[in-house]
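Chemist: Please work out how this folds:
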Amino acid sequence: MAGSPSMGQPMSSSYENQWLLGDDKKPRRKSGSDDANKENKEAAGPSTSASGVPPPPARKSQKNMTKAERRALQEQQRLEKERRVAAGLPKNAKKAAEMLASSGVKPSTPLSTDGSTKSAVGSPDPQSSAAAANAAAKKANATVKKPGVAKSQQKNQVPWLLHLEASKRPDTSSYKDLHPAVKTLALYFSEYKIVGSNARCVAMLETFSKVIEEHKPPADATFSRHIQKHLDPHIAYLLATRPMSLSMRECIRWLKKEMADIVEEDPPLADEDARHRLVDRIDHFIRERITLADQLIVQNGLQKINDGEVILTFGKSSVVESLLLETKKKGIDFKVIVVDSRPLFEGKHLLRRLVAAGIDCSYHLLSSVYVALSSVTKVIMGAHALLNNGAVYSRTGTSMVAMAASDKQIPVMICCETYKFVNRTQVDSFVMNEIGNPDDLVNTKSTFNSIHQNHPNPTKSALENWREQPNLRILNLMYDVTPSKFITLVVTEVGLIPCTSAPVIWREYK
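Modeler: From the prediction side, this is the model:
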């Protein structure tokens, strides 16, 4: 399983480094003369320097390291980088050493350019240098590990899912010169005020458009070359607040390509021309790839809805909502069953709008999906992304609904725009996902048990202090992966296609 990058790119940097380690070529076998020289050196014993201190062992090159040694070195470099960031120093070891030198502070453990620490060699008192190194290590560990925070956060987490990211409260202390609109957007994302892949993508692109319009490059730089450097911390801030969906990553990749194309223009564009062109391209992307694409998906989806249909949908999808409302306007007689799940209960918002439009609806929770499917003729759902192997990446519960419908031989339709087609393969929900707040799944309100009238009304919930129970772990995954064999049809703006055509569409519209 190790060294398999095709399983997807995880969000965590340390986990990503493990998966991106490829199987390097094994070190070549040494000749007989090298072996003889090695035996002679071992027989002669370790050499000493003029001061009587043995020289440090020669460090292996990464080419001659085993896979375990490379991973150990990489983990050591990652820890050193975290310590530097926690101490308020740059991530780069060389820049951190230069900053310490310029401030007149002499680090007790000198930093190497590769991120590891070098021991002091040739010092007159080895014990004092070792004590200084231990003191520095303890100080760094105390800085990185905030008491009572890191340990308590990992106490009740699933050990083999620690690589997954969770939403965090926005922290602007380590980010400078952020646009106020980006700070507001990050707050909306972290509090789930803006949900849904289309809504998040549109909000992000419109915010970036505002940042581009108001950005003024320094006097010694042009707009086209400085804008990407200016947007990078804003993108990193949004990513640090809440993990981005796959469709948002595709939008950022497209935006960076547009900025690179502007830089390559010959003759170079003026600052105002480059600014207006980039803003126009963003508006064009939102209009063509999202707004008009949804309208075409609605027109294509109407071909598959007839009178007397009972349609089941899960959660809330903006394009599915538009399809159902347009079907009602066409005078088609049909019923809708909305299946919903905790903790966001997005289906309630969809149910409210469908009932207001005069559509006959019923509401079920995910646990009763088999009961809801007893009268269903078609299942229509949205998607956050369509993977290269035809699998659908969407909100947790989508795969359960699709498998239940397939078990009852009910066709499953997925409405998905082509900009959500991604060039990645994922067969499970654990390699890459997002973890929600586990407290959202815990009902901390006391309830009165009407059956046992003699018992006093409980004042505390049984799971109110669940974090203090070491054997209890609550997992709140935000997305799941639905295999292509459970999907009958994908409705896109370019037509009705099977899931297996996803790679073709991606190559055509990337």
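Chemist: Contacts only, for H226.
Modeler: Listed by CB atoms under 8 Å, 6 or more residues apart in numbering, the contact set of H226 reads 215, 217-218. (Glycine included, C-beta is placed from N, CA and C.)
Chemist: Most neighbours among those, please name it.
Modeler: Neighbour tally across the contacts of H226 (other CB atoms under 10 Å): the maximum, 17 neighbours, falls on P217.
Chemist: That residue belongs to a strand, doesn't it?
Modeler: No: applying DSSP: H, G, I helix; E, B strand; the rest coil, one finds P217 to be coil, outside a strand.
Chemist: Distance check, L292 against E206.
Modeler: Separation of L292 from E206 (CB to CB, to the nearest Å): 17 Å.
Chemist: can you give me the end-to-end distance of stretch 165-180?
Modeler: End-to-end span of stretch 165-180 (CA to CA, to the nearest Å): 24 Å.
Chemist: any idea which helix or strand carries R70?
Modeler: Assessed by DSSP states H and E, R70 sits inside helix 67-86.
Chemist: To clarify, my last question referred to V490.
Modeler: strand 489-492.
Chemist: what does the host helix or strand of L312 contact?
Modeler: Following DSSP H and E, one finds L312 within strand 309-314. Contacts to strand 309-314, defined as CB under 8 Å, 6+ apart, come from residues 305, 320, 324, 332, 334-341, 347, 350, 366, 372-373, 375-381, 395, 397-398, 401, 405, 410.
Chemist: does V422 really touch E250, like I thought?
Modeler: Yes: contact criterion CB atoms under 8 Å: V422 and E250 qualify, at 6.0 Å.
Chemist: Show me the common contact partners of those two, please.
Modeler: In contact with both V422 and E250: A385, using CB under 8 Å, 6+ apart.
Chemist: mean confidence for stretch 335-352?
Modeler: Confidence for stretch 335-352, expressed as mean pLDDT, is 92.
Chemist: nope, stretch 481-489 is what I was after
Modeler: For stretch 481-489, mean pLDDT is 93.
Chemist: in that stretch, what counts as buried?
Modeler: By neighbour count on 16 or more other CB atoms under 10 Å, the buried set for stretch 481-489 is 481-484, 486-489.
Chemist: Would you mind giving the residues you listed as CSV with secondary structure added?
Modeler: What follows is these, written out as CSV (three-state DSSP):
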residue, secondary structure
V481, strand
T482, strand
P483, coil
S484, helix
F486, helix
I487, coil
T488, coil
L489, strand
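Chemist: Now the element after the strand holding V490, going C-ward?
Modeler: As assigned by DSSP H and E, the chain's next helix or strand after strand 489-492 is strand 495-497.
Chemist: Pull the distance from the next helix or strand after that following strand to the chain's centre.
Modeler: As assigned by DSSP H and E, the chain's next helix or strand after strand 495-497 is helix 502-509. Centroid displacement of helix 502-509 relative to its chain, using CA atoms, centre = their mean, to the nearest Å, is 23 Å.
Chemist: what's the answer for stretch 192-212, then?
Modeler: In terms of CA atoms, centre = their mean, the centre of stretch 192-212 is found 16 Å from the chain centre.
Chemist: for stretch 397-415, the distance to its chain's centre please.
Modeler: Using CA atoms, centre = their mean, the offset of stretch 397-415 from its chain centre is 26 Å.
Chemist: need the contact list for N433.
Modeler: Residues counted as contacts of N433 (CB under 8 Å, 6+ apart) are 164, 477-479.
Chemist: now the residues you listed: which count as buried?
Modeler: 164, 477-479.
Chemist: distance of the residue nearest the centre of the chain from T172?
Modeler: Centrality entry for the chain: nearest residue to the mean C-alpha point is P243, 3.8 Å, by CA atoms, centre = their mean. Plainly put, P243 is 18 Å away from T172 if you go by CB to CB.
Chemist: what's the answer for W254, then?
Modeler: 27 Å.
Chemist: Comparing these two, which shows the higher neighbour count?
Modeler: More crowded of W254 and T172, by other CB under 10 Å: W254, with 16 against 12.
Chemist: Shouldn't the more buried one be within a helix?
Modeler: Yes: applying three-state DSSP, one finds W254 inside a helix.
Chemist: Enumerate every residue touching the nearest residue to it once chain neighbours are set aside.
Modeler: Residue nearest to W254 in three dimensions, not counting chain neighbours: F285, with 6.8 Å by CB to CB, 6 or more residues apart in numbering. By CB under 8 Å, 6+ apart, F285 lies in contact with 205, 251, 254, 419.
Chemist: List the buried residues of the helix or strand encompassing C201.
Modeler: Following DSSP H and E, one finds C201 within helix 197-214. For helix 197-214, burial by neighbour count (16+ other CB under 10 Å) applies to 197-198, 200-205, 207-212.
Chemist: and I227, what does it touch?
Modeler: Here I227 is in contact with 212, 215, 217, 259, 274, 278 (CB under 8 Å, 6+ apart).
Chemist: Does the first one touch R275 like I think?
Modeler: Meaning I212. Yes: using CB under 8 Å, I212 makes contact with R275 at a distance of 6.3 Å.
Chemist: picking that back up, out of the contacts of I227, which is nearest to K67?
Modeler: K67 lies nearest to M259 out of these, by CB to CB, at 37.3 Å.
Chemist: Read off the pLDDT value for that closest one.
Modeler: On the pLDDT scale, M259 is placed at 91.
Chemist: N306 versus the closest residue to it other than its chain neighbours, what's the distance?
Modeler: Nearest residue to M259, sequence neighbours excluded (CB to CB, 6+ apart): Q228, at 4.9 Å. Separation of Q228 from N306 (CB to CB): 50 Å.
Chemist: now C415
Modeler: Per CB to CB, C415 is found 17 Å from N306.
Chemist: Just checking the distance from stretch 79-87 to the centre of its chain.
Modeler: So, by CA atoms, centre = their mean, the centroid of stretch 79-87 is 22 Å from its chain's centroid.
Chemist: tell me which residues of it are tucked away?
Modeler: Neighbour counts over stretch 79-87 (16+ other CB under 10 Å) mark 79-84 as buried.
Chemist: Export those residues to JSON lines and append columns for distance to A502.
Modeler: Output for the buried residues of stretch 79-87, formatted as JSON lines (distance: CB to CB, whole Å):
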{"residue": "L79", "distance to A502": "39"}
{"residue": "E80", "distance to A502": "41"}
{"residue": "K81", "distance to A502": "37"}
{"residue": "E82", "distance to A502": "38"}
{"residue": "R83", "distance to A502": "43"}
{"residue": "R84", "distance to A502": "42"}
